[in-house]
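*Asks:* Would you be able to build a 3D model of this:
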Amino acid sequence: MIHITNRQDCCGCAACAQRCPKQCISMKEDAEGFLYPTVDTEVCIDCGLCEKVCPELNSGRERQPQKVYAAINKDEKIRLGSSSGGVFTALAEQTIDEGGVVFGARFDENWEVVHAYTETKEGLTAFRGSKYVQSRIGNAYKDAERFLRNGRKVLFTGTPCLVMGLKLYLGRDYDNLLTVDFLCHGVPSPKAWRLYLKEEVARMCDKNSASSHPKSLIPERDAPIVGISFRDKHSGWKKYSFALTLSKASAAGEKNTVSLSTLVENPYLRAFLANLSLRLSCYACPAKSGKSCSDITIGDFWGIARFKPEIDDDKGVSIVLDFAKGSVIEELDSVDIQPMNYEVSSVCGNFSHSSIYNGNRPLFFRHLGKRNIMRLFERYAYPCFFQRVMNVIERKLAQ
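*Replies:* You can find the predicted model right below:
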């Protein structure tokens, strides 16, 4: 029976809840906004299946990739709409072309992040781009298993811990399954995201109304969100921005208002990069160093200028760590790839190292929901001394 005594020992993958034959495990949100399993002990038959699929209890072995690539999608529109080089879209489109199904993270109607699937290329747009919030996995593992058993090809993308959870949940290999994770910094609190988004929308509405109607504030319902991008490239790939787009009704009709703030300016991104708002398990991730058992790991190729300056145009380059299925990448007609030495992956610290714990974290979460979140970010979103030293080292390596 799953019993969480230390919250650091749960990554929130929900494999236990989906595998339970009695459906007596539910995922409930704690005070920090993260989901943890709760067992109905009166229904539980103590079969032990939940423990067998837990990534924290079944750590994988460390692996090194068989091949490493720098990759760029040939379609510049797709590349600019992606977080890095657009490799996910290339893999996903190939899966759809072969009659398959693609799983990934998208925003729901409330702009919270959930895991879902699509069987169409049109549906891939919602999965493209990073979402710096922990995804609610729901029944994605069950859905993936159903498609796999029916002989459909499945591309499953997610954080390393989610991919690890899927592999343990399935309990066997499938030739029609391709798993792709990414170089993960950690997953921020959905509660912190909800509070930030609410305050930012209110700020934008107040600001816009003050310029033309100083005595009349625009209700949030009159300025619905129509777009969010954590990795907007208007200021370039390396100095990406957070973009929030609202649609405001006026006498002249609908008008979009966009708020752009760079990663240095944006308080939510600063908290993320300072390791302030992350799940506790992210400071001791069980899926680092290839332990997730993914087929492919993708991410931003920071430092590409040191190795391939001729392709560094500040529009995004992906690094691809291929563990078993190199032909999948090499056969993508829509992607330009450059084989690299494994040593270049040393610029990608998120592959092997967990995020450094921020000592301000307890204070931040103690006040979360009780005080203005912007002020909490301003007060606590700065890295500890050791983290600042490591950041300097990483920047030097990336130059």
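*Asks:* Could you give the number of residues near the residue nearest to Phe351 when sequence neighbours are not counted?
*Replies:* Spatial nearest neighbour of Phe351, chain neighbours left out: Leu183 (5.5 Å); criterion: CB to CB, 6 or more residues apart in numbering. Quick note: C-beta positions are derived from backbone N, CA and C, even for glycine. For Leu183, the count of nearby residues is 21 (other CB atoms under 10 Å).
*Asks:* Tell me the confidence at Leu183?
*Replies:* Per-residue confidence (pLDDT) for Leu183: 94.
*Asks:* contacting residues around it?
*Replies:* Thr297, Ile298, Gly299, Asp300, Ile319, Cys348, Asn350, Phe351 (CB atoms under 8 Å, 6 or more residues apart in numbering).
*Asks:* Thought Val180 was touching the second one, still the case?
*Replies:* Yep, that's Ile298 we're talking about. Yes: using CB atoms under 8 Å, Ile298 is in contact with Val180, at 6.2 Å.
*Asks:* Name the nearest of the contacts of Leu183 relative to Met164.
*Replies:* Nearest to Met164 among the contacts of Leu183: Thr297, at 12.1 Å, using CB to CB.
*Asks:* Which residue, neighbours along the chain excluded, lies closest to the closest one?
*Replies:* Nearest to Thr297 is Leu321, by CB to CB, 6+ apart, at 4.1 Å.
*Asks:* Can you name the helix or strand that that neighbour falls in?
*Replies:* In this assignment (DSSP states H and E), Leu321 forms part of strand 318-322.
*Asks:* helices or strands next to the helix or strand containing Ala17 in the packing?
*Replies:* In this assignment (DSSP H and E), Ala17 forms part of helix 15-19. Where contact means 3 or more CB pairs under 8 Å, 6 or more residues apart in numbering; DSSP states H and E, helix 15-19 is packed against strand 25-29, helix 49-52, helix 140-149, helix 160-170.
*Asks:* so which of these comes closest to Lys67?
*Replies:* Here helix 160-170 is closest among the helices and strands packed on helix 15-19 (CB to CB), at 18.7 Å.
*Asks:* Note down every partner strand of the helix or strand following that closest one and its orientation.
*Replies:* Per DSSP H and E, helix 160-170 leads on to strand 177-182 as the next helix or strand towards the C-terminus. Using DSSP bridges, strand 177-182 pairs in its sheet with strand 154-157 (parallel), strand 296-300 (parallel).
*Asks:* how about a markdown table for these, with mean pLDDT and distance to Val258 added?
*Replies:* A markdown table is the format used below for the strands paired with strand 177-182 (pLDDT from 0 to 100; distance: least, CB to CB, whole Å):
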| stretch | mean pLDDT | distance to Val258 |
| --- | --- | --- |
| strand 154-157 | 98 | 28 |
| strand 296-300 | 95 | 23 |
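*Asks:* possible to save these as TSV with mean neighbour count?
*Replies:* Below are the strands paired with strand 177-182 laid out as TSV (neighbours: other CB atoms under 10 Å):
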stretch	mean neighbour count
strand 154-157	25
strand 296-300	25
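*Asks:* So for Ala71, which of those sits nearest?
*Replies:* Per CB to CB, nearest to Ala71 of these: strand 296-300, 8.0 Å.
*Asks:* Now do whichever helix or strand comes after the closest one: distance to the chain's middle.
*Replies:* Downstream of strand 296-300, the next assigned helix or strand under DSSP H and E is helix 304-307. Chain-centre distance of helix 304-307: 25 Å, with CA atoms, centre = their mean, to the nearest Å.
*Asks:* Also stretch 323-337?
*Replies:* The chain centre lies 22 Å from the centre of stretch 323-337; the measure is CA atoms, centre = their mean.
*Asks:* which parts of that stretch are buried?
*Replies:* For stretch 323-337, a neighbour-count test (16 or more other CB atoms under 10 Å) marks Phe323, Ala324, Gly326, Val328, Ile329, Leu332, Val335, Ile337 as buried.
*Asks:* Report the residue ranges of every domain in the protein.
*Replies:* 7-52, 67-188+278-351, 190-266 (automatic domain parsing).
*Asks:* Name the stretch among the ones you listed that sits most buried.
*Replies:* domain 67-188+278-351 (a mean of 20; mean count of other CB atoms under 10 Å).
*Asks:* Now do Thr5 against Ile373, distance only.
*Replies:* 29 Å (CB to CB, to the nearest Å).
*Asks:* more neighbours, those two?
*Replies:* Remark: of Thr5 and Ile373, Ile373 carries more neighbours, 26 against 6, as counted by other CB under 10 Å.
*Asks:* The residue nearest to the more buried one when sequence neighbours are not counted: what's it in contact with?
*Replies:* In space, Ile373 comes closest to Leu195 once its chain neighbours are excluded; the distance is 4.4 Å by CB to CB, 6+ apart. Taking CB under 8 Å, 6+ apart as the criterion, Leu195 is in contact with Leu368, Gly369, Ile373.
*Asks:* which phi and psi does Gln64 have?
*Replies:* Note on Gln64: backbone dihedrals following degrees, to the nearest 10 are phi -110, psi 140.
*Asks:* what's the burial count for it?
*Replies:* Counted with other CB under 10 Å, Gln64 comes out at 13.
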